[in-house]
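S.K.: just to be clear, the model below is a prediction. Sequence and coordinates:
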Amino acid sequence: MEQQFDIFCILQLFGGLAFFLYGIYIMSLGLEKIAGGKLEKILKTMTSNPAKGLVLGAGITALIQSSSAVTVMLVGLVNSGIMKLSQAIGVIMGSNIGTTITAWILSLSGIQSTNTILRLFKPESFTPVLALVGVLMIFIAKSNKNKNIGNAFLGFSILMTGMIFMGTSMEPLSHSPKFMQLLTLFKNPLFGVFVGTFITAIIQSSAASIGMLQALVMQVDMTYSMALPIIMGQNIGTCITAVLSSIGVNANAKKVAVVHVTFNVIGTIVFLTIYEIIRWLIDFPFMEENVNPAGIAILHSTFNICTTILLFPFIKQLEKIANMVIKETKNQKDEVFIDERLLLTPELAISEIHNKISKMARLVQNNVLYSTKLLKNYSYKKADVINKNEQRIDLYEDKMEAYLIKVSNKGLADETGNVIARLLLTIGDYERIGDHAVNILNIAEEKKNKNMDFPPELVEDIKTIVSAILEVLSLSSEAFKHDNTTLALKIEPLEQVIDRLVLKAKNRHIKRIQYGECPIELDFLISDLFNDFERISDHCSNIATSILKTKDQNIDKHEFLKQLKSYDNKDFSKTYDEFKEKYALKL
């Protein structure tokens with residue numbers, strides 16, 4: 001009967017742990033989504049200033065309640081080349097401080113009082129209410145923000161329920177002579193460090209192992225001196241997440257894991273050594289008192305803060321250690337497009353895709369510029385640059401489309417799904433503009449091979465159209481990069497002016513053919529060239545519409561263009577007239 005009871009206790013312990021891990025996952029996910037673009041903006045402000053990284057690391061970890069998520073994110077950012085190792089070190093130190101917030105929240109389970117107000121803070125009192133509020137918000141709320149808040153509430157309730165289960169499952173241990181005898185082993189600090197490291201590495205969550213320790217000290221007598229080494233070991237054990245995440249990444253990303261491990265191992269060795277020496281010289285009676293959940297939180301915070309203060313001045317040395325451990329080889333391929341670990345934070349992943357599209361846009365702009373210049377003076381060297389750029393543009397398209405499809409499978413909100421759809425369309429538009437640049441290159445090559453010259457009047461017309469094309473491309477790229485609706489609204493008027501220029505230039509070209517002023521062999525080349533110009537401006541118009549749809553989800557492209565070009569739209573008419581005057585064909 002006693003054995004059967006023990007089995008039930010073990011099952012309850014693992015069930016409570018499962019609730020705890022799932023709860024912290026749901027809560028972290030909800031908090032992360034609430035942060036959304038804020039998290040992205042916070043990460044973008046990171047500089048080489050370690051102090052700023054420290055504060056931001058602590059803030060982000062406290063915000064999303066997961067140091068593991070922050071560590072995996074850092075590996076992804078460094079692996080993608082978005083962040084340098086020196087920036088990541090400060091953030092790692094900050095995340096170690098930020099993660100202590102979880103222990104303080106969990107310490108609520110240790111409240112022992114008959115006072116009604118204090119009892120309201122016990123998880124048993126408010127968790128059911130919080131769970132009900134969370135469920136109602138998930139099912140009733142219309143905005144995604146409120147639904148995410150509901151998920152955070154529900155996740156916290158599940159987490160605390162797991163904590164209660166773990167505490168209840170450990171109650172029989174207080175009556176077990178064998179277990180009480182086992183506790184005496186923890187008087188050896190090295191044994192405590194080992195146990196803390198081992199358990200945390202197995203469950204891959206320092207928050208869960210801290211929660212288990214807090215649940216344990218509510219049922220059995222454990223002193224502060226016994227608990228401190230276990231907490232130190234838990235900080236080492238949590239590094240397993242960074243180590244596993246660094247598998248298959250470039251050298252710099254591996255160094256993030258090395259720094260994380262080095263920081264916690266050195267911190268434990270130094271802190272434990274200093275503590276034991278001082279304790280040998282000076283007696284600390286309170287360290288032999290029984291610890292409670294709040295005491296665990298105090299020890300956890302004290303150790304992490306002291307370790308950070310101790311090692312913060314040695315950030316450069318930590319970086320040197322990482323460089324010594326992980327050596328880069330000349331043939332090592334370190335370039336990564338966008339690390340898939342960023343999929344854990346979809347908003348950040350989408351933001352980086354946005355940056356990659358801007359880089360793709362620059363390549364496209366250069367190709368259009370180079371190809372139109374080759375119409376006058378052909379250069380094999382420039383042609384080779386265009387072809388290599390085109391290969392990179394195609395690579396950008398393939399990788400970004402595949403990545404966005406992975407992001408879209410993350411169960412995102414409708415609004416985020418719409419953003420992804422528009423990004424996919426924009427990628428397609430830039431890729432097609434790149435194709436038209438290659439078409440212009442082929443026209444320039446054929447013109448050279450056949451030793452044909454354009455009539456001077458035609459050259460002047462092309463110059464004017466190309467100037468307008470380059471401006472509409474620049475406007476679309478800048479508008480997209482900065483999400484600038486003011487610039488986006490200028491694109492359609494210029495696109496209309498380009499259509500007018502192309503039509504007028506076509507008619508003039510036809511007349512030259514008719515009057516014998518232009519060789520008939522040029523007709524096909526010129527027609528294709530004008531079509532490429534027209535299509536480039538059309539794709540820029542599509543990009544502008546996508547930017548404007550970001551601000552207004554319900555906007556219809558055709559209806560929008562109709563309203564934009566109506567006679568009542570004075571801004572459109574004014575901008576159109578300005579571009580019409582700026583880009584006029586010579587008589």
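M.R.: Right, received. Where do you want to start?

S.K.: domain parsing for the protein?
M.R.: Segmentation of the chain into domains, based on automatic domain parsing, reads 16-325, 345-582.

S.K.: helix or strand: which one has the residue lying closest to Arg362 once chain neighbours are set aside?
M.R.: Ranked by Cβ to Cβ, 6 or more residues apart in numbering and with sequence neighbours excluded, the top spatial neighbour of Arg362 is Ser477, at 7.0 Å. Where C-beta positions appear, they are placed from N, C-alpha and C, glycine not excepted. Per DSSP states H and E: Ser477 is located in helix 456-482.

S.K.: next, count neighbours for Leu375.
M.R.: The tally of other residues near Leu375 (other Cβ atoms under 10 Å) stands at 20.

S.K.: contacts only, for the residue nearest to Arg362.
M.R.: Under the criterion of Cβ atoms under 8 Å, 6 or more residues apart in numbering, the contact partners of Ser477 comprise Ser358, Ala361, Arg362, Gln365.

S.K.: next, the contact list for Asp528, please.
M.R.: Asn439, Ile443.

S.K.: tell me the SS of it?
M.R.: Reduced to three states with DSSP: H, G, I helix; E, B strand; the rest coil, the structure at Asp528 is helix.

S.K.: wouldn't Leu375 be in contact with Asn439 here?
M.R.: No - between Leu375 and Asn439 no contact is recorded; they are 11.8 Å apart, counting by Cβ atoms under 8 Å.

S.K.: so Ile296 sits in a strand?
M.R.: No - with three-state DSSP as the criterion, Ile296 is helix rather than part of a strand.

S.K.: Three-state assignment for the closest residue in space to it that isn't next to it in sequence, please.
M.R.: Closest residue to Ile296 in three dimensions, ignoring its sequence neighbours and counting by Cβ to Cβ, 6+ apart: Gln214, at 5.0 Å. Following three-state DSSP, the label given to Gln214 is helix.

S.K.: so Gln214 versus Gln514, what's the distance?
M.R.: For Gln214, the distance to Gln514 equals 91 Å [Cβ to Cβ, to the nearest Å].

S.K.: with Asn146 instead?
M.R.: Using Cβ to Cβ, one gets 68 Å for the distance from Asn146 to Gln514.

S.K.: these two: who's more crowded?
M.R.: Set side by side, Asn146 and Gln514 show more neighbours around Asn146, with 14 against 9, by other Cβ under 10 Å.

S.K.: and that one, which of the three is it?
M.R.: helix.

S.K.: let me see the contact set for it.
M.R.: Contacts for Asn146 (Cβ under 8 Å, 6+ apart) come out as Met137.

S.K.: for the residue at minimal distance from the centre of the chain, helix, strand, or coil?
M.R.: In the chain, the C-alpha closest to the average C-alpha coordinate belongs to Leu348, at a distance of 2.6 Å (Cα atoms, centre = their mean). Following three-state DSSP, the label given to Leu348 is helix.

S.K.: how near is it to Asn96?
M.R.: When Leu348 is compared with Asn96 (using Cβ to Cβ), they lie 21 Å apart.

S.K.: swap in Thr268?
M.R.: When Cβ to Cβ is the yardstick, Thr268 and Asn96 sit 12 Å from each other.

S.K.: more crowded one of those two?
M.R.: Applying other Cβ under 10 Å to Thr268 and Asn96 shows that Asn96 carries more neighbours, namely 30 against 23.

S.K.: quick check: that one vs Leu272, distance?
M.R.: For Asn96, the distance to Leu272 - Cβ to Cβ - is 16 Å.

S.K.: give me the buried entries from the contacts of Ser477.
M.R.: With burial judged by 16 or more other Cβ atoms under 10 Å, the buried subset of these is Ala361, Gln365.

S.K.: what about the contacts of Ser477, which are in helices?
M.R.: Among the contacts of Ser477, the ones falling in helices (DSSP state H) are Ser358, Ala361, Arg362, Gln365.

S.K.: so what pLDDT did the third one get?
M.R.: Right, the one you point to is Arg362. In this model, Arg362 is scored at 94, pLDDT.

S.K.: pLDDT below threshold where in the stretch 1-150 of the chain?
M.R.: 1-6, 8, 28, 31-48, 64-66, 80, 108-125 (pLDDT under 70).

S.K.: please, where are all the helices along it?
M.R.: Under the criterion DSSP state H, counting those that start in this stretch, the stretch 1-150 of the chain contains helices at 2-35, 37-44, 50-64, 67-79, 85-98, 100-106, 116-119, 123-140, 144-169.

S.K.: closest to Asn451 out of those helices?
M.R.: Comparing the helices of the stretch 1-150 of the chain against Asn451 with Cβ to Cβ, the closest turns out to be helix 67-79 (51.5 Å).

S.K.: how about the helices of the stretch 1-150 of the chain in TSV, adding distance to Ala294?
M.R.: Converted to TSV, the helices of the stretch 1-150 of the chain look like this (distance: least, Cβ to Cβ, whole Å):
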stretch	distance to Ala294
helix 2-35	18
helix 37-44	30
helix 50-64	18
helix 67-79	21
helix 85-98	18
helix 100-106	8
helix 116-119	13
helix 123-140	14
helix 144-169	14
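
S.K.: quick one, which of these gets closest to Pro456.
M.R.: helix 37-44 (50.6 Å).

S.K.: low-confidence stretches in the stretch 401-550 of the chain?
M.R.: The low-confidence ranges in the stretch 401-550 of the chain, as defined by pLDDT under 70, are 410-414, 550.
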